[in-house]
Structures are given as structure tokens and as C-alpha cells.
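Trainee: I need the structure of the sequence given here:
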Amino acid sequence: MSVVMEKGIKEKFRMSGYTLTSQRRAVLEALKASKGHPSAEDVYLLVKKKNPRVALGTVYQALSVLEEIGVIDSKHWSESPTRYDLNLEEHLDIRCRRCGQVSEVPNVGLGDLESDIRRNTPYEVTRTMLVVEGVCPGCRGKEPAAR
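Mentor: Sure thing, here's the model as predicted:
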């Protein structure tokens, strides 16, 4: 992890009252090493390579704490497992409808959409998510795309 990221994470742990345990650090390292937005099971398999004795429940607990204190974010799509993301900056994600892979769409943001929503609703907006789906390059050409 970069020094800046490490300092920010340590500060979030300090302010939250939680401890940056070796298990939580291993989960963070797995998230950083993964491509895209891994599921809890994906993170578990990466952590397990370095620590065969780790339990899946430990990974779920670490992910929960990391999300609670604002170190990671979770992404939810109805027909796939929750995915986790270290990138907390405003960005747009796209999910493959066939294999479930999630990637970031570079150089595209939500623009004024969130502020427009805040101005036009009595709700207190706590999170804005836009679902973008398609077919990834790896799945394209294998079968006709579902509409």
C-alpha cells in the first residue's frame, strides 16, 4: 500500500477505535492485489494463499469493519455477490451480465446528477449509485448477448 493510503487507513482505524489487525491488513492487501471488484469469496481465496488457516468468517468480519470505518465500499447487484472496492473516489462501475466481472469506467463520473437529485427530493441522499451493465471483452463473442 502507498504511504499516503497507509496513513489514511491508520487514521481511520485510530478514530474508529478498531485495531488494524493482521487479518484486516491481509484483507486490505488482497483487495489491493485483486483486479476489479472482488467478492468476499475472491478476497478469501487470495488471503488463504498466504494464510491457509484463515476462515471465511474472518474475511467477512474484516470486510464489514473496513466498510464501516470508510476504508472500502461495497457494490450490490441483484444477481451477483456483493463486491468490494478500495476506490472511494467518485467513479462509475460497469458489470458484465454474463460473468459478473466489475470494472471501473475511466474518466466518467456522475457529474451534477447527485446534486440534481438532492435539489429535487425531500430525501436526505446518503449514497448515489448508478448501475451500468454490459458484456465484457472476455465474454463477447461467446454467445449472443441477452437483451
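Trainee: okay, CA-based contacts and neighbour counts for the rest of this
Mentor: Noted.
Trainee: pop the domain breakdown of the chain in here.
Mentor: Per automatic domain parsing, the structural domains of the chain span 3-75, 89-134.
Trainee: where among the ones you listed is the average confidence lowest?
Mentor: Lowest mean pLDDT within the domains of the chain: domain 89-134, at a mean of 85.
Trainee: follow-up on the earlier one: could you export the domains of the chain as TSV, including distance to residue 83?
Mentor: Formatted as TSV, those follow (distance: least, Cα to Cα, whole Å):
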stretch	distance to residue 83
domain 3-75	4
domain 89-134	8
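Trainee: deepest in the core, which of these is it.
Mentor: Mean neighbours per residue, mean count of other Cα atoms under 10 Å, is largest over the domains of the chain for domain 3-75, with a mean of 16.
Trainee: chain center to that one, what's the gap?
Mentor: Its chain's C-alpha centre and that of domain 3-75 lie 11 Å apart, by Cα atoms, centre = their mean, to the nearest Å.
Trainee: before we move on, the earlier item: of the domains of the chain, which is nearest residue 142?
Mentor: In terms of Cα to Cα, the element of the domains of the chain nearest to residue 142 is domain 89-134, at 10.0 Å.
Trainee: show the end-to-end separation of that closest one, please.
Mentor: End-to-end span of domain 89-134 (Cα to Cα, to the nearest Å): 22 Å.
Trainee: which strand or helix spans residue 130?
Mentor: Counting by DSSP states H and E, no helix or strand carries residue 130.
Trainee: quick check: the gap between it and residue 92.
Mentor: 7 Å.
Trainee: ok, now residue 122?
Mentor: The gap separating residue 122 from residue 92 is 25 Å, by Cα to Cα.
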